[in-house]
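>>> Mind folding the following:
(one chain, ligands or ions: 1)
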Amino acid sequence: MSRLISQEAARLAPYTPGEQPRDQQYIKLNTNESPYPPAPGVLAALAGAERERLELYSDPTCAALTQAAADFYGLEPDQVIAGNGSDELLSFAFRAFCGAGRGPVYADITYGFYKVWAQFYGLEPTVIPLREDFSLAVDDYLDARGTIFLANPNAPTGIALPTGEIRRLLEADRARLVVVDEAYVDFGAESCVPLIRDYDNLLVVQTFSKSRSLAGGRIGLAMGERALIDDLNRVKYSFNPYNVNRLSIAAGAAAMADRAYFERCTQAVARTREYTTEQLRALGFTVLPSKANFIFAKTECLGGKELYRRLKERGILVRHFDQPARITDYCRISIGSPKQMEALLAAIRALLEESEKEA
Ligand SMILES: *Cc1c(COP(=O)(O)O)cnc(C)c1O
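Alright, predicted model coming up:
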């Protein structure tokens with residue numbers, strides 16, 4: 001830190017992104033990107049007209065993108081806002097819907113960024129522990145005061161809540177906002193987007209980084225009733241009006257337009273997830289029941305950190321979390337292509353044999 005840093009910035013506890021190594025060709029199963037390229041129309045859109053207009057600012061309303069998303073979901077464009085990644089929109093939601101006396105409410109084990117934003121905005125969070133089996137019990141949230149942030153499916157567990165349970169939470173207090181972070185919903189869980197019609201206290205946030213193969217495009221969406229989207233726009237226009245660049249608006253709209261490609265990719269990932277889960281269980285692993293594009297798994301033979309380290313030695317990157325204590329035996333493994341997962345399984349079989357010999 002420099003001697004010039006403000007006290008406020010000195011107190012921040014920044015998010016640590018997963019490794020993005022440049023030194024070696026790893027099989028990268030650590031940040032839940034898609035193993036498949038973006039839809040063909042995305043590349044065509046990037047080769048097209050927008051490239052020639054980069055000297056002009058992008059559309060601050062991102063109309064092409066919000067229209068494509070509205071068409072996809074059967075919403076009106078003013079029920080959608082686009083962001084520079086869903087992280088930006090989640091951050092806007094923390095600013096728009098939390099404050100003094102109304103802190104964020106989230107699980108002890110969930111997306112690590114919620115804690116970072118709580119601190120960034122000087123908010124008082126309420127942290128509600130997951131149950132012993134890592135499930136999230138809506139009953140534990142019914143009386144919570146504040147703005148609830150739920151990742152569904154949850155990260156890094158992969159466990160999904162049925163929308164009926166989220167509906168119960170929305171009903172319990174219509175004056176309380178529930179933000180559902182659906183970063184992983186497209187791999188087999190149920191989306192809350194259809195509930196937007198019935199609940200003005202629901203905001204759904206999605207990302208193009210996982211199911212739409214555009215992590216590098218930095219595109220996210222938030223969807224909800226108009227007044228909620230207005231509130232987010234208030235924050236956005238106080239921070240960065242041209243938040244999504246021209247190329248990403250075009251890329252995102254093209255990705256949204258190709259439903260068939262999206263379904264093929266997400267279904268392929270779901271199938272590979274089921275296969276990998278089966279294989280790991282056959283090797284004695286505990287694997288939580290995931291509806292996401294990753295699995296959370298542990299073995300009795302090696303600690304989580306050791307598994308991470310030894311896989312990395314073999315050129316495979318997975319993610320390990322040092323906190324909290326009850327997840328340190330686990331590794332989070334992104335679902336790659338079938339070939340990448342065979343390489344992972346082969347590496348794990350070899351590791352297990354090694355550790356047997358050592359014992
Ligand atoms: C990946 C992820 C995000 C962020 O996505 P970006 O659109 O890449 O910013 C948000 N929430 C959860 C739970 C995620 O896993």
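>>> Just give the number of residues close to Leu232.
By the criterion of other C-beta atoms under 10 Å, Leu232 has 21 neighbours. Just so you know, the C-beta spots here come from the backbone N, C-alpha and C atoms, and that holds for glycine as well.
>>> Helix, strand, or coil at it?
helix (DSSP: H, G, I helix; E, B strand; the rest coil).
>>> cool, and Leu130?
Put simply, Leu130 is coil when judged by three-state DSSP.
>>> Hmm, Ile109 and it touching each other?
Yes: in this structure, Leu130 sits in contact with Ile109. The criterion is C-beta atoms under 8 Å, and the distance is 5.2 Å.
>>> Show me the common contact partners of those two, please.
Taking C-beta atoms under 8 Å, 6 or more residues apart in numbering as the contact rule, the neighbours common to Leu130 and Ile109 are Asn154, Thr157.
>>> quick one, which of those two is more surrounded?
Set side by side, Leu130 and Ile109 show unequal neighbour counts under other C-beta under 10 Å, the larger going to Ile109 at 23 against 20.
>>> If we look just around the ligand, which residues of the chain are in range?
If contact is defined as C-beta under 6 Å from any ligand atom, the residues of the chain in contact with the ligand are Gly85, Ser86, Asp87, Tyr111, Ala151, Ala155, Asp181, Ala183, Thr207, Ser209, Ala215, Gly220.
>>> surely the second one meets Tyr184?
No: Ser86 lies out of contact with Tyr184 (C-beta under 8 Å); the separation is 11.1 Å.
>>> If any of the residues of the chain next to the ligand are buried, put those into a PyMOL selection.
What follows is the PyMOL syntax selecting those of the residues of the chain next to the ligand that are buried according to 16 or more other C-beta atoms under 10 Å:
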select buried, resi 85+86+87+111+151+155+181+183+207+209+215+220
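>>> Just the residues of the chain next to the ligand: which are in strands?
Under the assignment DSSP state E, those contribute Ala151, Asp181, Thr207, Gly220 to strands.
>>> Output those as JSON lines; include the columns distance to Glu354 and pLDDT.
Written out in JSON lines, the entries for these read as follows (distance: C-beta to C-beta, whole Å; pLDDT from 0 to 100):
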{"residue": "Ala151", "distance to Glu354": "35", "pLDDT": "98"}
{"residue": "Asp181", "distance to Glu354": "38", "pLDDT": "98"}
{"residue": "Thr207", "distance to Glu354": "38", "pLDDT": "98"}
{"residue": "Gly220", "distance to Glu354": "42", "pLDDT": "98"}
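>>> May I see those organised as CSV, with distance to Gly252 added?
As requested, those are exported to CSV (distance: C-beta to C-beta, whole Å):
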residue, distance to Gly252
Ala151, 21
Asp181, 18
Thr207, 10
Gly220, 9
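>>> and Glu186, that's in a helix?
I think there's a mix-up here, since residue 186 is Asp and not Glu. Yes: assessed by three-state DSSP, Asp186 belongs to a helix.
>>> Give me the nearest residue to it, chain neighbours excluded.
For Asp186, the nearest residue in space outside its immediate sequence neighbours is Ser211; the separation is 3.6 Å by C-beta to C-beta, 6 or more residues apart in numbering.
>>> The one you found in helix, strand or coil?
When the rule is three-state DSSP, Ser211 gets the label coil.
>>> For it, give me the pLDDT.
As summarised for this prediction, Ser211 has a pLDDT of 98.
>>> Just give me the neighbour total for it.
Neighbour count of Ser211, defined by other C-beta under 10 Å: 24.
>>> tell me the phi and psi of Gly164?
The phi/psi pair for Gly164 (degrees, to the nearest 10) reads phi -60, psi -40.
>>> before we move on, what about Ile316?
Torsion angles at Ile316 (phi, psi; degrees, to the nearest 10) stand at phi -120, psi 120.
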